[in-house]
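**Q** Sequence first, predicted coordinates after that:
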Amino acid sequence: MTSKKKAPIWDGNVRDAALTILLAVDKNQAYSNLLLNQTIKKYKIDIKDRALLTEITYGTLQYKYTLDFYLEPFIRTKIDLWVRWLLRLSLYQVVYLSRIPAHAAVNEAVEIAKKRGHKGISSMVNGVLRSIQREGLRSLDDIQDPTKRLSIATSHPEWLVERLIESYGIEKTTAMLEENNVPPTLTVRVNSLKSSVPDVLNMLEEEGIPAKKSDLIPECIHIISGQVTHTECFKKGFITIQDESSMMPANVLNPKSGDRVLDMCAAPGGKTTHIAEKMNNEGSILATDIHPHKLDLIEETSNRLGINIIQTAPVDGRNAADFLQKESYDAILVDAPCSGLGVTRRKPDIKYTKREEDFESLHNIQLQLLDNAVKVLKTGGRLVYSTCTVDRLENEGTVHEFLASHPEMELVPIENLPNNLLQKQQEGMLQVFPQDFGSDGFFVAAFKKKENPSTNG
Ligand SMILES: C[S@@+](CC[C@H](N)C(=O)[O-])C[C@H]1O[C@@H](n2cnc3c(N)ncnc32)[C@H](O)[C@@H]1O
């Protein structure tokens with residue numbers, strides 16, 4: 001007799017589950033997206049509760065500083081961390097989720113406080129939330145300093161707001177920080193080896209998933225609602241979940257069938273498999289990553305997509321040239337580790353955990369990766385550098401410093417993307433902001449190894 005493993009008991013308390021996740025993110029620096037997925041899987045939480053759990057967890061995290069600003073005048077004693085998160089998540093519902101009646105959010109908070117604490121705490125929680133309801137929220141206009149006001153209104157650390165304003169000015173920064181609090185879109189890439197955009201749209205419709213073709217990247221489809229990973233279309237390898245901005249590097253690299261390609265920071269393989277599709281599954285790709293356990297993900301995805309030209313290897317890109325054959329790759333992608341400021345919508349914890357000193361150390365790693373890529377790139381070969389950040393030091397800063405120390409490399413214009421993206425190119429580099437197209441913030445630059453290194457162009 002086979003016995004099915006039962007899911008642990010789910011008591012249906014979405015707010016309590018959100019509180020557990022938020023506390024773990026705060027105390028253990030756990031990733032909110034991973035914890036959320038684990039919780040949903042562990043308890044087999046249904047679609048309706050899943051949506052609310054996601055909304056409350058991300059929303060509370062996204063607006064942490066704003067919520068604290070509203071709570072501050074009403075909290076008169078020292079409170080435990082879990083009580084602070086309970087107040088934040090309850091106030092988040094009152095302020096931002098109009099479909100949830102305020103009294104329901106407050107009653108739930110009181111019940112959780114009773115269950116997790118004692119009567120004194122539940123009365124305090126009740127008192128704070130009801131006082132805010134009675135007296136109203138303080139105005140953000142009370143904050144005189146514009147940087148501080150933007151920091152509190154959009155809930156980003158003040159030093160980060162300052163850094164971004166310095167790079168992009170107040171208007172662009174405001175639009176970016178506001179966009180960082182908007183739920184991300186879900187997009188998929190059609191596997192050109194197995195299907196086409198019109199066929200996938202039909203298949204998704206038949207499977208009850210509303211979707212539409214993107215206006216930006218030709219192989220991209222926007223999913224309007226539904227769980228794509230449950231569809232036959234996904235299981236059969238016709239599509240891969242990928243943000244639209246992340247579809248740029250493989251297009252810019254523009255590999256040919258039969259090329260020998262290196263993807264230096266490859267896991268989990270979103271871009272490696274895209275490159276393989278562009279190569280019509282002909283040629284060879286070496287996909288390396290510093291973390292060996294992540295390489296399995298590349299192999300899994302390749303199998304699902306019907307790709308067999310990818311080999312994986314655990315390699316630290318900072319000394320890749322010691323292990324790989326010199327001057328042997330036609331095209332190389334360095335999709336570098338970065339601060340990830342362009343994906344704050346998906347991982348709100350990023351904005352609270354980054355430190356100013358991280359940018360310099362990431363910039364140094366990025367330069368080391370590029371130094372190694374040059375050594376194994378063929379003369380005349382193409383190198384694409386990409387990040388999912390909007391930080392100038394990691395993007396333009398890395399490109400300029402790299403060019404200064406590599407006279408054998410030249411920046412080449414970005415090609416093979418639609419015009420509305422190409423128009424955004426500045427000095428041969430492309431920075432996409434989250435507010436531009438609703439896709440992730442992303443940076444791409446392309447280089448060529450000169451045939452004759454003594455020339456300047
Ligand atoms: C932005 S992610 C890559 C995403 C991947 N290209 C994709 O599209 O799925 C950066 C990757 O770099 C890897 N990494 C970090 N430091 C590295 C190093 N020194 N050498 C090689 N890989 C590194 C990380 O493990 C991570 O998987």
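**A** Sure thing, it's come through. Residues are numbered from 1 along each chain as shown.
**Q** For residue 220, the count of nearby residues, please.
**A** 21 (other CB atoms under 10 Å). The C-beta positions use only the backbone N, C-alpha and C, and glycine is treated the same way.
**Q** How about the one 4 residues further on?
**A** Other residues within reach of residue 224 by the criterion other CB under 10 Å amount to 12.
**Q** Do I have it right that it meets residue 210?
**A** Yes - using CB atoms under 8 Å, residue 224 is in contact with residue 210, at 4.0 Å.
**Q** Wait, a strand at residue 19?
**A** No - counting by DSSP: H, G, I helix; E, B strand; the rest coil, residue 19 is not found in a strand; it is helix.
**Q** residues touching it, list them.
**A** 82, 85, 86, 89, 112, 116 (CB atoms under 8 Å, 6 or more residues apart in numbering).
**Q** Poorly predicted segments of the chain, please.
**A** 1-9, 453-457 (pLDDT under 70).
**Q** For it, list the residues in contact with the ligand, please.
**A** By CB under 6 Å from any ligand atom, the part of the chain that sits against the ligand consists of 246, 264-271, 289-291, 294, 316-318, 335, 337.
**Q** And those, which of them are buried?
**A** 246, 264-267, 269-271, 289-290, 316-318, 335, 337 (16 or more other CB atoms under 10 Å).
**Q** just checking, which of the residues you listed belong to helices?
**A** Mapping these onto helices (DSSP state H) picks out 270, 271.
**Q** With respect to residue 440, which of the buried ones among the residues of the chain next to the ligand is nearest?
**A** residue 246 (6.8 Å; CB to CB).
**Q** My guess is that closest one contacts residue 388. True?
**A** Yes - contact status for residue 246 versus residue 388: in contact at 7.3 Å, counting by CB under 8 Å.
**Q** shared neighbours of the two, anything?
**A** 440, 442.
**Q** show me the contacts for residue 195.
**A** 203, 238, 239.
**Q** same thing but at 6 Å, please
**A** residue 238 (CB atoms under 6 Å, 6 or more residues apart in numbering).
**Q** Just confirm it is within a helix.
**A** No - with three-state DSSP as the criterion, residue 195 is coil rather than part of a helix.
**Q** how near is it to residue 188?
**A** 11 Å (CB to CB, to the nearest Å).
**Q** Ok, residue 381 next?
**A** From residue 381 to residue 188 the distance is 30 Å (CB to CB).
**Q** Identify the residues contacting the strand or helix carrying residue 252?
**A** Secondary structure assigned from DSSP states H and E places residue 252 in helix 248-253. Where contact means CB under 6 Å, 6+ apart, the residues beyond helix 248-253 that reach it are 271, 274-275, 278, 331, 333, 384, 386, 414, 416-417, 444, 446.
**Q** which one of those is nearest the ligand?
**A** residue 271 (3.6 Å; CB to the nearest ligand atom).
**Q** Assess the claim that residue 180 and residue 344 are in contact.
**A** Yes - with contact defined as CB atoms under 6 Å, residue 180 and residue 344 form a contacting pair (4.2 Å).
**Q** Settle it for me: which of those two has more neighbours?
**A** For residue 180 versus residue 344, neighbours defined as other CB under 10 Å are more numerous around residue 344 (29 against 24).
**Q** Please list all residues in contact with the more buried one.
**A** Contacts of residue 344 (CB under 6 Å, 6+ apart): 180, 350, 351.
**Q** who's in contact with the second one?
**A** Yep, that's residue 350 we're talking about. 340, 344.
**Q** follow-up on the earlier one: biggest separation within the contacts of residue 19, which pair?
**A** 89 and 116 (12.7 Å).
**Q** Residue 382: helix or strand, and which one exactly?
**A** Judged by DSSP H and E, residue 382 forms part of strand 377-387.
**Q** and the next element down the chain from that strand?
**A** helix 398-405.
**Q** Who are the packing partners of that following helix?
**A** The contact analysis (3 or more CB pairs under 6 Å, 6 or more residues apart in numbering; DSSP states H and E) places helix 398-405 against helix 356-376.
**Q** in the helix it packs on, what counts as buried?
**A** For helix 356-376, by 16+ other CB under 10 Å, it's 359, 362-363, 365-367, 369-374, 376.
**Q** and residue 261, what are its phi and psi?
**A** Dihedral angles of residue 261 (phi, psi; degrees, to the nearest 10) stand at phi -120, psi 140.
**Q** burial measure for it, as a count.
**A** 27.
**Q** check contacts around it.
**A** With the criterion set at CB under 6 Å, 6+ apart, residue 261 makes contact with 255, 275, 285, 331.
**Q** got it, and residue 438?
**A** Residue 438 touches residue 185, counting by CB under 6 Å, 6+ apart.
**Q** quick one: it from the ligand, how far?
**A** 19 Å (CB to the nearest ligand atom, to the nearest Å).
**Q** try residue 209
**A** Where the ligand is concerned, residue 209 sits at a distance of 23 Å (CB to the nearest ligand atom).
**Q** OK, contacts around that residue?
**A** Residues near residue 209 by CB under 6 Å, 6+ apart: residue 226.
**Q** SS state for it?
**A** Classified using three-state DSSP, residue 209 is coil.
**Q** Now do the same contact list for residue 423.
**A** Neighbours of residue 423 in contact, by CB under 6 Å, 6+ apart: none.
**Q** one more time with 10 Å, if that's ok
**A** 417, 430 (CB atoms under 10 Å, 6 or more residues apart in numbering).
**Q** Then residue 235?
**A** 229, 304.
**Q** redo that, cut-off 8 Å
**A** Residue 235 neighbours (CB under 8 Å, 6+ apart): residue 304.
**Q** Same check on residue 40?
**A** 50, 53.
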